[in-house]
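> sequence-free structure coming up:
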């Protein structure tokens, strides 16, 4: 089926900069964008959609979340980190079965589709369940089952995560028409030992997979690593060969100058999680410095338990303003930079060079926003509107690979009532 | 007319703490709440509204904005402060007529009604126009026309703001059934001289009016005052008699320990404007410390030009998380505190002790939120949901003084299409 969007404002790229076309046309052929211009196409499309007053943007890419933690939304607010983790998070997570992961992921998918996220990177449990839910709902996801090891006596084979990741990768990587990717994942320096990390990193390299890690989220974690090993977590991972794989590191709040140099040398991508870093009192990642040094900085929500929603527009807003406040400089984070962090850079991190930008030949991962709303009027600067004023609820259509998943209140690939029912059952089981 | 809300979750107060009633009833008689209980009332109401799945909350109170700056939304983003102000803000503001203020205020009112703000404090130009727009739209507003003086040769009488404020107060204070208040206002220390501030503060005291000021927003402003006068802006205002009036001070980013002691002694309320303070690179107001010292801290959006919207839920979210991040402490700002800052404390600041809380005998300034949404599911903690996850778009009804202004997409007191038309005309005139 060939679909033409007419009379839309469209965010595209020109000479490596964001450009907004006014009253333009975008054609979709199957899963691919096949036309983009301010001129009407001569060719006939099967379906034409008038998008007057609407803005088409690439879908947002959430590069670090734990989708099923929607089931822990709002639990144990405003407590010290240790108390929150050990009394409110871990006891529930320990009980979670594949059925719970299904309910939690469905709920996350519902929210992501509604608020304009078209692809996400998920670090959590029961990855096959996540793959099935996301695959069927039509979104894109890079899935992993993180490795951790709390016993020094456990062998790599006993731990089993290496074998599990290999099998998962071989079975599911690029499944569902390429919408599902499988990554390797190491939870963090403080939850693993050197032998495990070295072997797991080698297994990742053999397959050519990507690696998803938590890094220097809190000061105490960062300092404890230096105390224990005489090096920062980034240096530790680098020395163990982890960064020989295309790696993306979430948080990076406490990374040092030398760590950033390692990222640059090893092409490590960074996922900024501003809501979570603020709420949990972790601190301010040196995002402006990393951007200046040419690091591929991307954006994530982290899990709903520490956010408490999965709205990437909220993260864009925070990424736009908090660094200005922290460094007393209103020029630090400009709207274009933040927009690219949430789209193009995320696609690069996920190894999806065929998306993240609206251009002919790219995948049709498109969201439409209604601009005729009080808080979006007047529109002097569309990109500033996107980063400072738009909210997830302004999304009126979400399309992935040319297929409309949501439009004007209707979900086409997932039934909200069934999801709410599944969530109610999961809550009964878990609490 | 007597109206009963049935089967709603309702945020009320008990023993000075926020309490959420489940499946409760709230009755409205004219402009007043006359019933509130989990028991069904015996008395018959004229109209009953089933609110299953909805949450009733006191309307939010935006204690510092410049409503008509909606016409400057998104202008000159990401520039140094001086360039933004002198090249993008002032040239347009100088051209503004009452007709432009009408359009800009209408647009702000539309957004505020939509996102659950029931009362606001406005510091700007052409106050009579603002009064008329807000009065007719059914919202509550404390209006002023700020005093400033750039010439030392100008006399108080030549400046004219004192006379203007007195006349405005006498003509409009408590007009529109008490929904409109008139305040006095001094723009800031750096835009006035001592003689003007002293005389204007005396005039305010004669009438028993309230005083709205900007205070210590930026480091350079705060430091320049100390350089010039040998005292902080707060000490300067205090010495000139301003704080002999019930005063509320916006921003207070750079206030010092002794300034906070003055606020405490003189009962000065503080308006926290987190979006604006972050975006403009002003910094982090010592909000946790002021709360600890018992200052009446409230919340505001500032103008849309530095925000870029007027969504008080966004400000609640920011107030909840940024101080945790800045002080590396997740326990600093708890959900209940932030909720009260946005409601009860704002009512106190405005001298409206009859609102800000849902209780029998208070004004029916009520918003309803739809809780059956992906990002608000599950609901373990309603107040945490309100401060961390809810967005303005979750508001499905806004009621002021017992009158429904907005419900499910329909505005009952203002026509959005006419507002958009007025805004288009204003933009043509101004740019």
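Looks like it came in fine. Just so it is clear, the structure is predicted and the values come from calculations on it, not from any experiment. Numbering: from 1, shown residues only, chains lettered A, B, ... in the order given.
> Now do residue A:260, the pLDDT please.
With respect to pLDDT, residue A:260 has a value of 98.
> chain center to the helix or strand that contains it, what's the gap?
Residue A:260 is part of helix A:257-266 when elements are defined by DSSP states H and E. Relative to its chain's centre, helix A:257-266 lies at 22 Å (Cα atoms, centre = their mean, to the nearest Å).
> which residues are in contact with that helix?
Helix A:257-266 has contacts (Cβ atoms under 8 Å, 6 or more residues apart in numbering or on different chains) with A:216, A:232-235, A:238, A:243-244, A:247, A:249, A:252, A:255, A:268, A:270, A:286, A:289-290, A:293-295. Yep, even glycine has a C-beta here, placed from its N, CA and C like the rest.
> Buried ones in the helix or strand bottoming out on mean pLDDT in chain A, by neighbour count?
Lowest mean confidence among the helices and strands of chain A (mean pLDDT, DSSP states H and E): helix A:81-83, at a mean of 89. By neighbour count with 16 or more other Cβ atoms under 10 Å in any protein chain shown, helix A:81-83 contains the buried residues residue A:81.
> residues making contact with that helix?
Contacts of helix A:81-83 (Cβ under 8 Å, 6+ apart): A:76, A:218, A:280-281, B:330.
> Could I get the residues you listed in JSON lines, plus columns for pLDDT and secondary structure?
Listed next are these as JSON lines, based on pLDDT from 0 to 100; DSSP: H, G, I helix; E, B strand; the rest coil:
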{"residue": "A:76", "pLDDT": "91", "secondary structure": "coil"}
{"residue": "A:218", "pLDDT": "97", "secondary structure": "coil"}
{"residue": "A:280", "pLDDT": "96", "secondary structure": "coil"}
{"residue": "A:281", "pLDDT": "97", "secondary structure": "coil"}
{"residue": "B:330", "pLDDT": "96", "secondary structure": "coil"}
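> quick check, nearest of the residues you listed to residue A:5?
Among the contacts of helix A:81-83, residue A:280 lies closest to residue A:5 (Cβ to Cβ), at 40.2 Å.
> Give me the phi and psi for the closest one.
Dihedral pair for residue A:280: phi -80, psi 0, per degrees, to the nearest 10.
> That one: neighbouring residues, count only.
27 (other Cβ atoms under 10 Å in any protein chain shown).
> can you map out the strands along the stretch 1-150 of chain A?
A:2-14, A:17-29, A:32-37, A:47-50, A:54-58, A:60-65, A:117-124, A:140-145 (DSSP state E, counting those that start in this stretch).
> Give me the sheet partners of the second one and which way each runs.
By that I understand strand A:17-29. strand A:2-14 (antiparallel), strand A:32-37 (antiparallel) (DSSP bridges).
> Which stretch among the ones you listed is buried most, on average?
strand A:2-14 (a mean of 20; mean count of other Cβ atoms under 10 Å in any protein chain shown).
> can you give me the angle that one makes with strand A:54-58?
Counting by axes from the mean of the first three to the mean of the last three Cα atoms, to 10 degrees, strand A:2-14 points 70 degrees away from the direction of strand A:54-58.
> Would you agree residue A:360 is in contact with residue A:33?
Yes: when contacts are counted by Cβ atoms under 8 Å, residue A:360 is listed as touching residue A:33 (5.6 Å).
> any common contacting residues for the two?
Residues touching both residue A:360 and residue A:33 by Cβ under 8 Å, 6+ apart: none at all.
> ok, so what distance separates the residue lying closest to residue A:136 once chain neighbours are set aside from residue A:420?
Spatial nearest neighbour of residue A:136, excluding adjacent residues (Cβ to Cβ, 6 or more residues apart in numbering or on different chains): residue A:413 at 6.9 Å. When Cβ to Cβ, to the nearest Å is the yardstick, residue A:413 and residue A:420 sit 16 Å from each other.
> The two - which one has more neighbours?
Counted by other Cβ under 10 Å, residue A:413 and residue A:420 do not tie: residue A:420 has more neighbours, with 19 against 15.
> Any chance of the strands of the stretch 1-150 of chain A in CSV with mean pLDDT as columns?
CSV is the format used below for the strands of the stretch 1-150 of chain A (pLDDT from 0 to 100):
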stretch, mean pLDDT
strand A:2-14, 97
strand A:17-29, 98
strand A:32-37, 98
strand A:47-50, 97
strand A:54-58, 98
strand A:60-65, 98
strand A:117-124, 98
strand A:140-145, 97
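> Indicate which one of those is closest to residue B:51.
strand A:117-124 (30.5 Å).
> Between strand A:60-65 and that closest one, find me the angle.
Orientation of strand A:117-124 against strand A:60-65 (the same axes, to 10 degrees) gives an angle of 10 degrees.
> tell me which strands and helices strand A:117-124 is in contact with?
strand A:60-65, helix A:98-114, helix A:127-137, strand A:140-145, strand A:211-215, helix A:344-349, strand A:395-400 (3 or more Cβ pairs under 8 Å, 6 or more residues apart in numbering or on different chains; DSSP states H and E).
> wait, residue A:328 sits on residue B:283?
Yes: using Cβ under 8 Å, residue A:328 is in contact with residue B:283, at 5.7 Å.
> okay, and the common contacts of those two?
The contact sets of residue A:328 and residue B:283 overlap at residue B:219 (Cβ under 8 Å, 6+ apart).
> which one of those two has more residues nearby?
residue B:283 (22 against 16).
> hang on, the more buried one in a helix?
No: Residue B:283 is assigned coil when assessed by DSSP: H, G, I helix; E, B strand; the rest coil, not a helix.
> burial measure for the closest residue to it other than its chain neighbours, as a count.
Of all residues not flanking residue B:283 in the chain, residue B:253 sits nearest, at 4.7 Å (Cβ to Cβ, 6+ apart). Around residue B:253 sit 25 other residues, with neighbours defined as other Cβ under 10 Å.
> How about the one 3 residues further on?
Other residues lying near residue B:256 total 15 when counted by other Cβ under 10 Å.
> Would stretch A:232-250 count as contacting chain B?
No: residues of stretch A:232-250 contacting chain B under Cβ under 8 Å from any Cβ of the partner chain: none, with a closest distance of 16.0 Å.
> Enumerate the positions of that stretch that are buried.
Result for stretch A:232-250 [16+ other Cβ under 10 Å]: buried residues A:232-238, A:240-243, A:245-250.
> same deal with stretch A:40-52?
For stretch A:40-52, a neighbour-count test (16+ other Cβ under 10 Å) marks A:41, A:45, A:49, A:51 as buried.
> tell me the contacts of the third one?
Contacts here follow Cβ under 8 Å, 6+ apart; on that basis residue A:49 touches A:3-6.
> gap between it and residue B:216?
52 Å.
> cool, and the second one?
Taken as Cβ to Cβ, the spacing of residue A:45 relative to residue B:216 amounts to 58 Å.
> Skipping adjacent residues, who's closest to residue A:214 in space?
Of all residues not flanking residue A:214 in the chain, residue A:188 sits nearest, at 4.1 Å (Cβ to Cβ, 6+ apart).
> sorry, back to before: quick one: the residue nearest to residue A:136 and residue A:134 touch, right?
No: using Cβ under 8 Å, residue A:413 is not in contact with residue A:134; the gap is 10.3 Å.
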